[in-house]
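S.K.: this one's sequence-less:
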């Protein structure tokens, strides 16, 4: 599966240029020009890396770093036009994966991105839409209250949360959750288990806000923000 990179940069030319070059290298690229637009994507979509401008028109990249941590441990490579030691120290103290000053070499940026992605540790905690999944403990919480899931429900939930924002076909889900166990099941089994899972995690299972049906294709994990 290709890595997904989110570029949050207010300079449109630089943003589009980075998206073009990274797209040519096979990355899936999302872009935003403001802190608000960037956070909207982070809330809804699971990214593998964030390229973040230090200065945004509606807020600080440092503030975004703090807010983004609520939605998973995604590595951040910070970009800035201010080549000051103070900014670099602050960025590194906040736990960003790397830091580059503008102007920079695209070749060097690509090399640093590749290094970060290769060294990335698998996420052990997924958070989205009030649902928290703790991989190491194999536990699920809804608004901090633990909910009980069957093995299949847990695997379904983890697959959706790891791929939030991506439309997953019924065939993909069946292959990932059931065929990996050497079992063959039909689409009815999938719909039954998704209905049971919705009953546990949705505020209104009849009008799901988390696991959305994409008619004729499959499902997508999506949280509508206020």
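M.R.: Received the coordinates, thanks. Quick caveat, the model's predicted, so the values are computed rather than measured.
S.K.: correct me if wrong: residue 18 contacts residue 12.
M.R.: No: using C-beta atoms under 8 Å, residue 18 is not in contact with residue 12, being 10.9 Å away. No exception for glycine: its C-beta is placed from N, CA and C like everyone else's.
S.K.: out of the two, which sits in the busier spot?
M.R.: Shown here are residue 18 and residue 12; by other C-beta atoms under 10 Å, residue 18 has more neighbours (21 against 10).
S.K.: from the contact counts, what lies against the strand or helix carrying the more buried one?
M.R.: Per DSSP states H and E, residue 18 falls inside helix 12-24. Contacts defined by 3 or more C-beta pairs under 8 Å, 6 or more residues apart in numbering; DSSP states H and E place helix 12-24 against strand 4-8, strand 28-32, helix 106-118.
S.K.: mind putting those into JSON lines with distance to residue 188 and mean pLDDT?
M.R.: Shown next, in JSON lines, are these (distance: least, C-beta to C-beta, whole Å; pLDDT from 0 to 100):
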{"stretch": "strand 4-8", "distance to residue 188": "32", "mean pLDDT": "95"}
{"stretch": "strand 28-32", "distance to residue 188": "32", "mean pLDDT": "94"}
{"stretch": "helix 106-118", "distance to residue 188": "38", "mean pLDDT": "93"}
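S.K.: among those, show me which one is buried the most.
M.R.: strand 4-8 (a mean of 23; mean count of other C-beta atoms under 10 Å).
S.K.: can you list the strands that that one pairs with?
M.R.: strand 28-32 (parallel), strand 49-53 (parallel) (DSSP bridges).
S.K.: for residue 218, see how far away residue 176 is.
M.R.: Noted for residue 176: a distance of 11 Å to residue 218, by C-beta to C-beta, to the nearest Å.
S.K.: between these two, tell me which one has more neighbours.
M.R.: residue 218 (20 against 16).
S.K.: residue contacts, that one?
M.R.: Shown in contact with residue 218 (C-beta atoms under 8 Å, 6 or more residues apart in numbering): 167-173.
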